[in-house]
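Trainee: Have a look at this prediction, sequence included:
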Amino acid sequence: MPVEPTFASVRSDFIEKTGLISQAEGLPRIAGRIFGMLMFDGEMVSFTEIATRLQVSRASISTSIRILEERGLVKRMAKPGERQDFFQLAENPYATMLTGIQKRTQATRDEIAQTIKNLPPAADAVNRLAAYADFYASLDAAVAVALDEVTAKPTR
């Protein structure tokens, strides 16, 4: 008979998976783990508590928090009477993530278009590069639809 996973093991697995997903997208794994923890737990957490819960050095937490703040995914908070900083998931971080994807997609498409512009019209590569630019234009359109959906839904 299979053993049902505990809440703690499901939480831990989710946090680790989020770290791996973030790492695959070019972020530090610790940043993804912090993001996953804040998302799963849904509470404001102190800097020290993040380090303790994730069993990670304060230096790694500091670097990763800075990245998450710069990307608009995490918000720094203060509690009256407390000296240390607290952190929570930013409001609708998924719209922020999609906006970043859209900016990178548009920049890539524009770079390809500039390359095409610099080529003679009869160059052999023009059609292949135009198809590549069209791919990014389609991706941009799909991200725009997703962004509209994410921003239209109330946050939970």
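Mentor: Sure thing, it's come through. Numbering: from 1, shown residues only.

Trainee: contacts and neighbour counts: CA atoms only from here.
Mentor: Fine.

Trainee: Low-confidence stretches in the chain?
Mentor: For the chain, the stretches flagged by pLDDT under 70 are 155-156.

Trainee: How are the helices of this protein distributed by residue range?
Mentor: Here the chain has its helices, by DSSP state H, at 7-24, 29-41, 47-54, 58-70, 93-118, 126-152.

Trainee: For residue 42, see how far away the most centrally placed residue in the chain is.
Mentor: Geometric centre of the chain, nearest residue: residue 97, 5.0 Å, by Cα atoms, centre = their mean. Residue 97 is 18 Å from residue 42, where distance means Cα to Cα, to the nearest Å.

Trainee: mind giving me the domain split of this protein?
Mentor: 7-89, 93-152 (automatic domain parsing).

Trainee: now the longest one, how far from the centre of its chain.
Mentor: Between the mean C-alpha point of domain 7-89 and the mean C-alpha point of its chain there is a distance of 12 Å (Cα atoms, centre = their mean, to the nearest Å).

Trainee: next one: stretch 130-148
Mentor: Distance, stretch centre to chain centre, for stretch 130-148: 19 Å (Cα atoms, centre = their mean).

Trainee: Send me that stretch as PDB with only the CA atoms.
Mentor: The C-alpha trace of stretch 130-148 is given here as PDB (Å, rounded to 0.1, in the frame of the first residue of the first chain):
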ATOM      1  CA  ALA A 130      12.500  36.200 -41.200                       C
ATOM      2  CA  ALA A 131      11.000  32.900 -40.100                       C
ATOM      3  CA  TYR A 132      13.100  33.100 -36.900                       C
ATOM      4  CA  ALA A 133      11.800  36.700 -36.300                       C
ATOM      5  CA  ASP A 134       8.200  35.500 -37.000                       C
ATOM      6  CA  PHE A 135       8.700  32.800 -34.300                       C
ATOM      7  CA  TYR A 136       9.500  35.500 -31.700                       C
ATOM      8  CA  ALA A 137       6.600  37.700 -32.900                       C
ATOM      9  CA  SER A 138       4.300  34.700 -32.300                       C
ATOM     10  CA  LEU A 139       5.800  34.100 -28.900                       C
ATOM     11  CA  ASP A 140       5.400  37.800 -28.100                       C
ATOM     12  CA  ALA A 141       1.700  37.600 -29.100                       C
ATOM     13  CA  ALA A 142       1.200  34.500 -26.900                       C
ATOM     14  CA  VAL A 143       2.900  36.100 -23.900                       C
ATOM     15  CA  ALA A 144       0.600  39.200 -24.400                       C
ATOM     16  CA  VAL A 145      -2.500  36.900 -24.200                       C
ATOM     17  CA  ALA A 146      -1.100  35.200 -21.100                       C
ATOM     18  CA  LEU A 147      -0.300  38.600 -19.500                       C
ATOM     19  CA  ASP A 148      -3.900  39.800 -20.200                       C
END
